[in-house]
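Give me a model of this one.
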Amino acid sequence: MTKGFFLRLAADNIKKNKKTYIPYILTCILTISMYYIVKSLSLNPGVEKMIGGTTLMQLMFLGSWIVALFAFIFLFYTNSFLVKRRRKEFGVFNILGMEKRHLSIVLGWETLYVALISLSAGLIFGIALDKAMFLLIGKLLNAEIVLGFFIAPKALAAAVQLFAVIFVLIWLNAICQIHVSNPIELLQAGTAGEKEPKTKWLMAVIGTGCIAAGYYMAITVKDPLASILVFFMAVVLVIIGTYMLFTAGSIVFLKMLRKNKRYYYKTKHFTSVSGMIYRMKQNAVGLANICVLSTMVLVMVSSTSSMMVGMEDILVTRYPEDFTVYSNETELEKGEEMFDRVRNLQKEQGLQVAEEKQYTFLSFMAFQNGNTFQVEKGASISEFNAMNALFFIPLSDYNKIMGENKTLNEGEILLYSNRQQYNESVLNLFGKEYRIVEKLDDFISNGSMAANMESTQFIVVPKLEEMNEIYAREQEVYGEMTSPIRQVYSFDTEAEADEQRQFFDKLRSLIREEGFSGYSESRAAAETDFIGLYGGFFFIGIFLGILFVMATVLIIYYKQISEGYDDKDRFAIMLKVGMSQSEVKSSIHSQVLTVFFLPLLAAGVHVIAAFPLMSRLLVLLNFSNTNLYMACTGICFLVFTGMYVLIYMLTARTYYRIVSS
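Modelled structure (predicted):
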């Protein structure tokens, strides 16, 4: 063979298969550019200087790993369409005398061309968009924009190394498929008839069971901490169930349509249903992929956008007062001295205090078993759902702060539950039974309890002495790990945010320099980290959402192209036996519509079932505005449905052009 033959042949092959290669190359370019942008932002010193920038950079670093994993899986998946469409072409080359090692060389040059084009264009596109993304983050965080153009050499090197490895592995995977097939198998690829698939009732039942189990776990879990563990198990079950149900359930669904004579014996339905039944084994996996990706997009974008919109509510939940000072002093008199010193600092700095409150409390962990709370050192994962934080406060402090005049006798308590409702009439702790006189509708706000992953039972005891007895029993169990009786002093102020941050710096210095045991919190100071955290979540959510939407579009596109070429000869025969062009178009419309919207419908059901679980997971991030989350989820679904309909219109047109050409 002449010098440069393989190079020219590889280039010609890409040109001849441009309908499949161009979308694939565009996908590679976009994936590379997205990876570079996220990686570059995780290294950009300008991001670090923004409010909450350190937190944001850590999220970007995590995001770069997610994009890398996605790129590896998705580019392998899309390349499989290319190899499948070209197996017959490789068979022809093989029959004409080209050895498999020659085919490997041609594939190597094709992969190299794609890699060079994708890396060059992707990195240029990524560098160009990197500044735009930086400006977008600055806008989200209300940060001062640093002028200048930033290129991250480490991000460039990481992108080149990652995608070089991916393209090499894609090439090795392609030549493995060629080498294990004989020329006749390659030549007949895509033309061999498929047997009618059997109705796999067992798989359909198992798939339904997996999804039902995942839904049950998502709907019934009550404790936010347990939700973390349940989330991963539920996700795995629903994904497995989705693939099984689309593989087996779709065949059951199509055969039910075939049995419906009034539906089946119509021109547009007869050809589409009969064709899909025979091809559903390979079609089902693509539909399941679309469903899973659609669900991921909807859950990710709706949750991150709701947190971003409701960030002010999150801040108020976690920091109900402008300033909070916690005393860990073992002597209550020492704590009083600490708070008096804070009040003196307020006067020295001219800080106007609008409202203040002070109380003593005790808090520790316990495991609920009916009306008994057990206190023990170790706990297994299975017990997390029973874990509760118990928060005790004397009646005198409660009445003073809440403006109440309630009374309690020995062995009586008031109780308030912040997340998981306590439905018993008594509460047993350390062998003593407490009768619940009243279940409260509201309680003293406490930021540290709001930040807890566990449900909290707020308990008002008659006297401080009762709390001391409980503390003594706690010490017997936990020893050195005992949570002490603590004091808290919190106050609001009319000062501006900058003035509050300056006062907070002086407050921390006071506690540190005067040797007090305790710490302080400030809503204004914490706002910077919150903006970085939730702004980062929102950016990553939108970024990955775009990536998954792109993947969904490409899977649908390749699915339609693949099916179009498979159906081309079948529709040509139909035209020869008397079917009109309008009937062909109507049949195509029926075929695409019958299964195209099944993934969207299933994704919608998945999102509804996941809503209770996601709501509880968001509570761990101090987001408890369920109505806002519901609104964001609904809006995201409507927008995604609009995009899905647009994709349907475009791909149906492409499919029709292929089968009618």
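
ok, Thr20 - how many residues close by?
By the criterion of other C-beta atoms under 10 Å, Thr20 has 20 neighbours. Bear in mind the C-beta positions are built from the backbone N, C-alpha and C, glycine included.

Tell me the secondary structure of it, please.
helix (DSSP: H, G, I helix; E, B strand; the rest coil).

Next: Gln421.
Gln421 ends up coil, using three-state DSSP.

so how many other residues sit close to it?
Residues near Gln421, counting by other C-beta under 10 Å, number 10.

and if you look at Met387?
For Met387, the neighbour count with other C-beta under 10 Å is 18.

The strand of greatest length in the chain pairs with which strands?
Using DSSP state E to define each element, the chain has its longest strand at strand 353-369. Applying DSSP bridges, strand 353-369 is found paired with strand 372-374 (antiparallel), strand 387-394 (antiparallel), strand 486-493 (antiparallel).

Please tabulate those in CSV, including the columns mean pLDDT and distance to Ser445.
Converted to CSV, the strands paired with strand 353-369 look like this (pLDDT from 0 to 100; distance: least, C-beta to C-beta, whole Å):
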stretch, mean pLDDT, distance to Ser445
strand 372-374, 86, 23
strand 387-394, 87, 12
strand 486-493, 90, 8
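
so which of those gets nearest Thr651?
When the strands paired with strand 353-369 are compared by C-beta to C-beta, strand 387-394 sits nearest Thr651, at 49.2 Å.

can you tell me how far the spatially closest residue to Tyr21 that is not a sequence neighbour sits from Thr111?
Nearest-residue entry for Tyr21: Ile14, 5.1 Å, with adjacent residues in sequence omitted and distances by C-beta to C-beta, 6 or more residues apart in numbering. In this structure, Ile14 and Thr111 are 10 Å apart, going by C-beta to C-beta, to the nearest Å.

three-state assignment of Val252?
helix.

Look up how far Leu287 lies from Glu348.
Distance, Glu348 to Leu287, by C-beta to C-beta: 69 Å.

ugh, typo on my part, it should be Lys357
Taking C-beta to C-beta, one finds Lys357 at 58 Å from Leu287.

Counting neighbours, go ahead and name the busier of those two.
Leu287 (23 against 17).

so which strand or helix has that one?
Using DSSP states H and E, the element containing Leu287 is helix 267-309.

rewinding a little: buried residues in the longest strand of the chain?
356-368 (16 or more other C-beta atoms under 10 Å).

Out of the residues you listed, give me the two with the largest separation.
Glu356 and Phe367 (35.5 Å).

Just give the number of residues close to Asn418.
Neighbours of Asn418 (other C-beta under 10 Å): 19.

Ok, Tyr416 next?
Using other C-beta under 10 Å, Tyr416 has 19 neighbouring residues.

Name every strand pairing with the host helix or strand of it and say which way it goes.
Element membership for Tyr416 (DSSP H and E) is strand 412-417. If you go by DSSP bridges, strand 412-417 pairs up with strand 432-439 (parallel), strand 455-461 (antiparallel).

could those strands go into CSV alongside mean pLDDT?
Conversion of the strands paired with strand 412-417 to CSV gives the following (pLDDT from 0 to 100):
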stretch, mean pLDDT
strand 432-439, 90
strand 455-461, 87
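
I'd like those written out as TSV, with distance to Met256 and mean neighbour count added.
Shown next, in TSV, are the strands paired with strand 412-417 (distance: least, C-beta to C-beta, whole Å; neighbours: other C-beta atoms under 10 Å):
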stretch	distance to Met256	mean neighbour count
strand 432-439	51	14
strand 455-461	45	23
